[in-house]
Structures are given as C-alpha cells and as structure tokens.
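**Student:** build the 3D model from these lines:
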Amino acid sequence: MDLQFNQREDKNKLQVSDLKKKLAQIYLGGGKKKIEKHKESGKMTARERIDYLLDKDRPSVEIGAFAGYEMYEDEGGCPAGGVVVVIGYVSGKQCIVVANDATVKAGAWFPISGKKNLRAQEIAIENRLPIIYLVDSAGVYLPMQAEIFPDKEHFGRIFRNNAVMSSMGITQIAAVMGSCVAGGAYLPIMSDEALIVDKTGSIFLAGSYLVKAAIGEDIDNETLGGATTHCEISGVTDYKAKNDQDALDKIRSIVDKIGDFDKAGYNRSTPAPPAEDEDEIYGILPVSRAEQYDMHDIIKRLVDHSEYEEYKEGYGKTIICCYARIDGWAVGIVANQRKVVKSKKEGMQFGGVIYSDSADKATRFIANCNQKKIPLVFLQDVTGFMVGSKSEHGGIIKDGAKMVNAVSNSVVPKFTVVIGNSYGAGNYAMCGKAYDPRLIFAWPSARLAVMGGEQAAKVLLQIEEASLKKKGEVIDEKAKKDLLTKIEERYDRQTSPYYAAARLWTDAVIDPKDTRKWISMGIEAANHSPIEKSYNPGVIQV
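**Tutor:** Okay, here's the model as predicted:
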C-alpha cells in the first residue's frame, strides 16, 4: 500500500470512529439518570423493546438516528428525535418498528419527531411493510406546538396515514407501553390491533387533572384509561399484557400469523461477498473532497464477486452505469466518476461533473432498468453540471433535464448513497431526497450543499463586502480573511452529513461497510410492493 492510501485510510477510519461515538451518545436518549428512572417503573427502554422484539439472527437498520442532532439546544436537546425507528424482522417477516423514547422529554413530540414518524409511515406505505408502534409518549411538546400541530406534514398527518394504510391492507399493530394522551390516543386505536400493558400503559384524550379542571370529576388515571378499563369496559384495546416482555411476545405471535405478500419480483440469486476487500474503501476515499479517485474501485468493493457489466463504457465517462448484484439482488448502478477522464468527443473532462454525454447515457440506462424491472442504486459524488459557453451551446440544460425527467418518472425502487459531494442540480439528477429514493443514506465523507464550501464562501464574502461598502465601511485584508474563515466554518457545518441527517434530508449516516446491508434490506422491503404503473418519461426535448 502506498503513503496516499494509508493517509486516506487513517482519515476515513477516524471519521467512522467519530460516527460511532456520536451514535453511542445518541443511544443514551435522555441520559443515564432518565433511563434509571424509566426502568424503576418496570419499563424497558425504547431500544431494549426493539431489541427484544426483533429476530436475533437477522440484520436491521435504523432510520433517522441523527434526527434532531444539535437541534433544540435551548430546549435541552432531542436525541434521535425522541423516537427510535428500525427496519428489521419480527417472526421472520420484515417490518418497520416505531418506538417512542420516554427518556427524552417523556416521549413528547418535537417538530422533528413528527417528521420522523411520517418518514417511517412513508417507508411502510411505499414498501407495504407491516408497521409496529411501541407507544410511550406524553404527546405534543407544548412550547413548540405551533411547529407541529396544524400543517399538512404535521402531527395530524400521522392519523391520516393510519387510515390510508388500513385501506391499503398494510398491517398496523400498536402496543401502549406508557402514556398515550390527547390526539396521540388515536394512533393505537386507528391501528388494526392494539395492546396495552397493565399498570404502566394508559390511554385517554385528557388526563385526570384536565378532567378535574374541565368537568369537575375526580378520577385517577388508571381508572380513567388504564388496561383494565380499555380491555374490559371501553373495548378500546384488544389485548392486555402483564408487562413489556409479555406485550412484545404477543406482537411476535400476531405477526407470526400474517400471510405471505404479493411480490414485485426483483431478481435475486445466491448472495456473495465482493472479491475485493471491502476494508480498502477507507484507503480509496480521498482526504480532501477536491481530490480525484476512480469510482470503479468503490463499486468493486460493493458488488457481489466484484463483478459488473458496464453500459456504454467508452461514452459519457463522468457517469458510470453498470449492471451488478448486491447481496444477490440485481441492481443498476448510476455512479459519478471522480477522476479526470478523456473523451474522444469532448476531450478532457473533470471528475464529478455531469456533461451532456454523461446525462444522455444515464437517461438511457435508467429507461433500460425500468424496462427490465431492475432497482436503481445511485452513488453520489457530484459537483454539478458542466458550465461555460461550450456546454450551454451544446444543450447541457436540455440533456440535464432529460436525466432529471428519467429519475423523476422511474417506477423501479431507487436507493441513493451520498459518498462524497452532493452539490446543486447534481444532487437532483443523482436522485436526491426530493426525487423519492426508497432509502437515502450518507457516508461520513459526504457533503450536501448548493455548491462547494470554498466557492460558496467566496461568493458570500463578495456579497458581504458589497454590503459593507454601501454603508461606507472599508474592510482591510486581515478583516477580509477573518470574515472568509468565519463564513467557511459556518458553511462547512451546514454541509456536514450530520447536519443533513439531523433534518432527515438523509435517513442515516453509516459506516461504508454497511452499504450492502442497507441496499439489500431496502430492495427486500421494496419487493413487498409490486409496480403498478409503467415507465413513462413524459415530454423530453430531443
């Protein structure tokens, strides 16, 4: 191995180590003291409940672990958005599990909590996956109620989705394992089957204090809305559980009886690991996002046997299109080439830039994958579309629009991995969040922004300078340098993969070596939902 490889390996392994440290802190939820207090009441934590529920010998992936990261600092923080969402297996069936973390503000709903719950439901709807709710929540976080209550994508949308999923035949099971109050009380009851844990679970539209204030009635919470009340008097819940473990055992038993599903029919053969060493990814990825590398080397470490069939290999070289298998699943890969390439038609082309010929090739390849019913995997490391008179006169906007059109109207499931840069319209063409990938996740090396940090900082500096000049202020070279540094630091923080994941622009930040698992589980989930319409790209300018 050469020195450059070792330097890159050290940098990327440090980034993965930092990722794991951040996750370990997030996994503590509201902190050790809150966890101890939670357990004193006889309850398991949200993560313990999920671990107990899921099959032990099967893989799982967590959606939105970084939701709320470094947000709401004035409110004391909201680790993981106060809710844990995992795709895993229950009694052999792939499901999505949503568990309130009552150690975080008693499981109260922050704005990001609502967004994360809606993302979980979106995954269930798109893939027709059974969804299991483990409810333990004090309801909306009142100091921020205006940001979660009334709008289309706010709290109430969750109950609308409950109804939609029911009409679609998607199984929904809810276990009330703690508080379930006010509007939140509708979630378990709009599920197909509802369980409640004796003595710790409770459901009511208004608790005893509010009942006393509203109508003067004296009643305790257990009598008002406990397990005995709802299993024997109101009939609101279907099963009474003795404790958390008993409730989770009942859920496993219920899921075990669910019938098979209609399959989309994506092609899968016997899974095989890459022939090339996956650990070498760390030495291939550059230290600087401006450095070059060959994306073929990454692909070889993600696909079965390190084998792929490249489409139009000699044309449009700044995008690699190829057929391969990942964990046995047939996939079509669309990846940005990050090294300088030579085109017989265009001459030298910069790596990571989308040119007209590259966009044309990707458009055709996406159409082919739709025709063959092959899921698409986008590997993003893109700085944008080529600019300048030659590109503009050659119709780069038209060719870029073709590619965006193809991505937008694709009917096969799409999965996006943000490996490095994800800038500007390149993010869109390479299936960014706005283009409905079934899952979108980033490596610690990722950067998401309108443009690169250095370029953006210089533009912002020019704007700031112009503003100061209008006020009659003169800025010397030292002040200019300090201002540029401050702008770069702020901009770099906002391009971080953790900043994006905190706001659910991506579903996760992952160790690159987990990429195959995420894609495989994503395609297996998508296989639950047969394609119901044909690929039609609409009007395309020739």
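
**Student:** pLDDT score for Gly183?
**Tutor:** Predicted confidence (pLDDT) for Gly183: 66.

**Student:** whoops, Ala213 was the one
**Tutor:** Predicted confidence (pLDDT) for Ala213: 89.

**Student:** which parts of the helix or strand hosting it are buried?
**Tutor:** Per DSSP states H and E, Ala213 falls inside helix 208-215. Neighbour-count burial for helix 208-215, with 16 or more other CB atoms under 10 Å as criterion, is recorded at 208, 211. Every residue, glycine included, has its C-beta placed from N, CA and C.

**Student:** Cys321 sits in which helix or strand?
**Tutor:** strand 319-326.

**Student:** pull that strand out as PDB, backbone CA atoms only.
**Tutor:** Output of strand 319-326 as PDB, limited to C-alpha atoms (Å, rounded to 0.1, in the frame of the first residue of the first chain):
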ATOM      1  CA  ILE A 319     -21.000   8.900 -15.100                       C
ATOM      2  CA  ILE A 320     -20.600   5.100 -14.700                       C
ATOM      3  CA  CYS A 321     -23.600   3.000 -15.500                       C
ATOM      4  CA  CYS A 322     -23.500  -0.800 -14.900                       C
ATOM      5  CA  TYR A 323     -25.500  -3.900 -14.000                       C
ATOM      6  CA  ALA A 324     -24.400  -5.800 -11.000                       C
ATOM      7  CA  ARG A 325     -25.600  -7.700  -7.900                       C
ATOM      8  CA  ILE A 326     -25.600  -6.600  -4.300                       C
END
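
**Student:** quick one on the thing from earlier: send the alpha carbons of the helix holding Ala213 over as PDB?
**Tutor:** The C-alpha trace of helix 208-215 is given here as PDB (Å, rounded to 0.1, in the frame of the first residue of the first chain):
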ATOM      1  CA  SER A 208     -57.200  13.200  35.400                       C
ATOM      2  CA  TYR A 209     -56.000  16.800  36.100                       C
ATOM      3  CA  LEU A 210     -57.600  18.100  32.900                       C
ATOM      4  CA  VAL A 211     -60.800  16.200  33.600                       C
ATOM      5  CA  LYS A 212     -61.000  17.800  37.000                       C
ATOM      6  CA  ALA A 213     -60.400  21.200  35.600                       C
ATOM      7  CA  ALA A 214     -62.800  20.700  32.700                       C
ATOM      8  CA  ILE A 215     -65.800  19.000  34.200                       C
END
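
**Student:** contacting residues around it?
**Tutor:** 206, 217-221, 224 (CB atoms under 8 Å, 6 or more residues apart in numbering).

**Student:** still on that earlier bit, mind listing what the strand holding Cys321 pairs with, with the direction of each?
**Tutor:** strand 308-311 (antiparallel), strand 329-336 (antiparallel) (DSSP bridges).

**Student:** which residues in the stretch 151-300 of the chain form strands?
**Tutor:** Taking DSSP state E, counting those that start in this stretch as the test, the strands found in the stretch 151-300 of the chain are 172-181, 193-197, 202-204, 239-241.

**Student:** low pLDDT regions in this protein?
**Tutor:** Across the chain, the ranges flagged by pLDDT under 70 are 1, 183, 393, 452-455, 539-542.

**Student:** can you say which of the strands paired with strand 319-326 is packed in most?
**Tutor:** Burial of those is given as mean neighbour count (mean count of other CB atoms under 10 Å); strand 329-336 ranks first at a mean of 25.

**Student:** next SSE after it?
**Tutor:** strand 341-343.

**Student:** show me how far that next one is from its chain's centre.
**Tutor:** Using CA atoms, centre = their mean, to the nearest Å, the mean C-alpha position of strand 341-343 is found 35 Å from that of the whole chain.

**Student:** neighbouring strands of that strand in the sheet, and parallel or not?
**Tutor:** Strand pairing for strand 341-343, determined by DSSP bridges: strand 347-349 (antiparallel).

**Student:** ok, and what's touching the strand it pairs with?
**Tutor:** Contacts of strand 347-349 (CB under 8 Å, 6+ apart): 317-318, 340-343, 355, 386.

**Student:** measure Asp294 to Gly30 for me?
**Tutor:** 45 Å (CB to CB, to the nearest Å).

**Student:** of the two, who's got more company?
**Tutor:** Set Asp294 next to Gly30 and count neighbours by other CB atoms under 10 Å: Gly30 wins out with 22 against 15.

**Student:** check for me that that one belongs to a helix.
**Tutor:** No - in this structure, Gly30 is coil, not part of a helix, as judged by DSSP: H, G, I helix; E, B strand; the rest coil.

**Student:** what's next to the strand holding Cys321, contact-wise?
**Tutor:** Residues contacting strand 319-326 (CB under 8 Å, 6+ apart): 269, 271-272, 295-296, 299, 302-305, 307-312, 330-337, 354, 358-359, 361-362, 365, 374, 377, 516, 519-520, 523.

**Student:** re earlier: just so I know, which of the strands of the stretch 151-300 of the chain lies nearest Val474?
**Tutor:** For these, proximity to Val474 was assessed by CB to CB; strand 172-181 is nearest, at 59.8 Å.
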